[in-house]
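Trainee: quick one, structure for this:
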Amino acid sequence: MNFNELCNNVLKIDGDVRFAGILDKNGQLVSGGYKDGLASHLQSDESKMSFHYASKSWESRKNLSHRVGNERFAIVEFEKVKLISVPIDGNNILLVSVEPKIDHNHIISSVFSLLSK
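Mentor: Model prediction:
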């Protein structure tokens, strides 16, 4: 899977998608970034912390998979942004940042369509 291509295609799903990035299981940004002209609500060190928290949350939820099945996606909604994480393989997650007003179901179904190609 070409991570750069995936992130670029996710950024094109909707005008309210702000960020698309691939995180490894250590929370390191492997690929992706912000849509041209947009900046993070967070400072650089805060973004790294956010990536770390997203990956650790995913790792924590994997502990339940033997009972409830594998995680398909997770959503965290803040006042200024929604974060959607989608596991793409055993070691990486796709993290998508969108405006809070957006219908996240549209984004999630579009991401699944991209991943199935």
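Trainee: beta-bridge partners for the residue nearest the centre of the chain, please?
Mentor: Within the chain, the residue whose C-alpha comes closest to the C-alpha centroid is residue 95; the distance, by CA atoms, centre = their mean, is 1.2 Å. In this entry, residue 95 is beta-bridged to residue 21, residue 85, by DSSP bridges.
Trainee: contact partners for it?
Mentor: For residue 95, the contact set (CB atoms under 8 Å, 6 or more residues apart in numbering) comprises 19, 20, 21, 22, 23, 51, 54, 83, 84, 85. All C-beta spots, glycine's among them, are computed from the backbone N, C-alpha and C.
Trainee: determine the three-state secondary structure at residue 108.
Mentor: The three-state label given to residue 108 by DSSP: H, G, I helix; E, B strand; the rest coil is helix.
Trainee: let's number from 47 now, not from 1
Mentor: With 47 as the first residue, the last one maps to residue 154.
Trainee: correct me if wrong: residue 156 contacts residue 59.
Mentor: Yes. The criterion here is CB atoms under 8 Å, and residue 156 meets it with residue 59 at 4.5 Å.
Trainee: which one of these two is surrounded by more residues?
Mentor: Set side by side, residue 156 and residue 59 show more neighbours around residue 59, with 20 against 17, by other CB atoms under 10 Å.
Trainee: check what pLDDT that one gets.
Mentor: We note a pLDDT of 97 for residue 59 in this prediction.
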